[in-house]
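**Q** Here's a sequence, model it:
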Amino acid sequence: MVNNLPIILLLFRTWAFMLLCMLTAATAQAHPGHEGHEDGDPFTWTFDHLAKNPWATLLCAATVLVVVWLAIRLVAAKQRQAKVAAAGSPVAGTLS
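**A** Next up is the predicted model:
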């Protein structure tokens, strides 16, 4: 059980993130901007809803940018931490 703990935690985090996304979308009654599917026409995307709601569009774009920025910082921090750990190990400076 202990050996599977990282996998279990990863699955739990993934499940929790997916649940949060679904609940947020359901609460906001989110749906894409689209036209023409009511009469059996093919489903097409339009961006009219973005122009009609500029503040919501800017907020969504800002949210995406913040999430990307945080992800980049997290990856960079993990890489720095790995380099420091490798440099501090007693085997790092020896030749084989």
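
**Q** C-alpha only now, for contacts and for neighbours.
**A** Noted.

**Q** Walking through the chain, point out its helices one by one.
**A** For the chain, the helices defined by DSSP state H occupy 5-28, 48-52, 54-88.

**Q** Got the confidence number for residue 23?
**A** The score at residue 23 is 80. That number is its pLDDT.

**Q** same thing with residue 71?
**A** Note on residue 71: pLDDT of 89.

**Q** That one - how many residues pack around it?
**A** Residues near residue 71, counting by other C-alpha atoms under 10 Å, number 12.

**Q** what's the distance between it and residue 77?
**A** With distances taken as C-alpha to C-alpha, to the nearest Å, residue 71 is found 10 Å from residue 77.

**Q** try residue 9
**A** 20 Å.

**Q** separation between residue 78 and residue 47?
**A** For residue 78, the distance to residue 47 equals 38 Å [C-alpha to C-alpha].

**Q** Check residue 67 too.
**A** Distance, residue 67 to residue 47, by C-alpha to C-alpha: 23 Å.

**Q** Check residue 7 too.
**A** In this structure, residue 7 and residue 47 are 40 Å apart, going by C-alpha to C-alpha.

**Q** again with residue 19
**A** Counting by C-alpha to C-alpha, the gap from residue 19 to residue 47 is 27 Å.

**Q** Show me the domain layout of this protein.
**A** The chain breaks down into these domains under automatic domain parsing: 1-30, 45-88.

**Q** Going by mean pLDDT, which of these comes out lowest?
**A** Note on the domains of the chain: domain 1-30 shows the lowest mean pLDDT, a mean of 77.
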